[in-house]
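Q: Here is my input; please provide its structure:
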Amino acid sequence: MQAQTHAPLRIRISWPAGHLTATLDETPTSQALAKALPFTSTAQTWGEEVYFDTGVSVSRETDARQVVEPGTVAFWTDGDALALPYGPTPISRGDECRLASPCNVLGRLDGDPRLLATVRGGDPVRVELVDA
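A: Below is the predicted model:
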C-alpha cells in the first residue's frame, strides 16, 4: 500500500466576472474549510478586500495577522468569513492590506489578486476544491 502524500490543498474561487485559484497551507482552519467545500456565498467588499461567509466557525490561531500581503487568503474568525485582500482597506496605513481584525492566514492566491477588483458586493461566489 502506498504512503499517502499530502498534496497542497487547492481551491477555486469563482464569481460572475472571473475566478482565481489559491494554494492553502495545512492549518486547522484550512482543514475545517476543506470539509465544508463546495459552498456558495455572497460577496461583500470592504475597500480593496473581498470577503464572504463560509458557514465555518473556527478559533483564531496563534499566528493570526492583521496586516498581510495582497493575495493572502485569510480567514476572519469574527465573521466566519474568507477575507481576500488585494489592496488597502478603509483602515490601512498607506498601501498595506490591513484586515478588520487579526485573521488566520490560510495561504495565497495563485494568480493576480487584482482580479478581485471585478467582484461586486452581492455577487454570488462559489468555492470548491481543485482536483490535483
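Q: Show me the shaky parts of this structure.
A: Counting by pLDDT under 70, the chain has low-confidence residues at 1-7, 132.
Q: Could you look up the next helix or strand downstream of the helix or strand containing Val73?
A: If you go by DSSP states H and E, Val73 is part of strand 72-76. Under the assignment DSSP H and E, the closest C-terminal helix or strand after strand 72-76 is strand 81-85.
Q: quick one: the residue lying closest to Gly47 once chain neighbours are set aside and Ala17, what's the gap?
A: The shortest distance from Gly47 to any non-neighbouring residue, by C-beta to C-beta, 6 or more residues apart in numbering, is to Thr89 (3.6 Å). In this view, the C-beta of every residue, glycine as well, is placed from N, C-alpha and C. To Ala17, Thr89 is 21 Å away according to C-beta to C-beta, to the nearest Å.
Q: cool, and Leu115?
A: 8 Å.
Q: out of the two, which sits in the more crowded spot?
A: Leu115 (17 against 12; other C-beta atoms under 10 Å).
Q: burial of the nearest residue to that one once chain neighbours are set aside, as a residue count?
A: Using C-beta to C-beta, 6+ apart and skipping residues adjacent in sequence, the residue nearest Leu115 is Gly18, 5.3 Å away. Gly18 is flanked by 13 other residues according to other C-beta under 10 Å.
Q: bridging residues for Gly18?
A: Trp15 (DSSP bridges).
Q: swap in the one 5 residues further on?
A: The residues listed as beta-bridge partners of Thr23 by DSSP bridges are Arg10, Arg108.
Q: So it is in contact with Gly107, correct?
A: Yes. Counting by C-beta atoms under 8 Å, Thr23 touches Gly107, with 5.2 Å between them.
Q: what packs against whichever strand or helix holds Val105?
A: Using DSSP H and E, Val105 sits in strand 97-109. Under the contact definition 3 or more C-beta pairs under 8 Å, 6 or more residues apart in numbering; DSSP states H and E, strand 97-109 sits against strand 18-24, helix 28-36, strand 65-68, strand 72-76, strand 81-85.
Q: Alright, that wraps it up for me.
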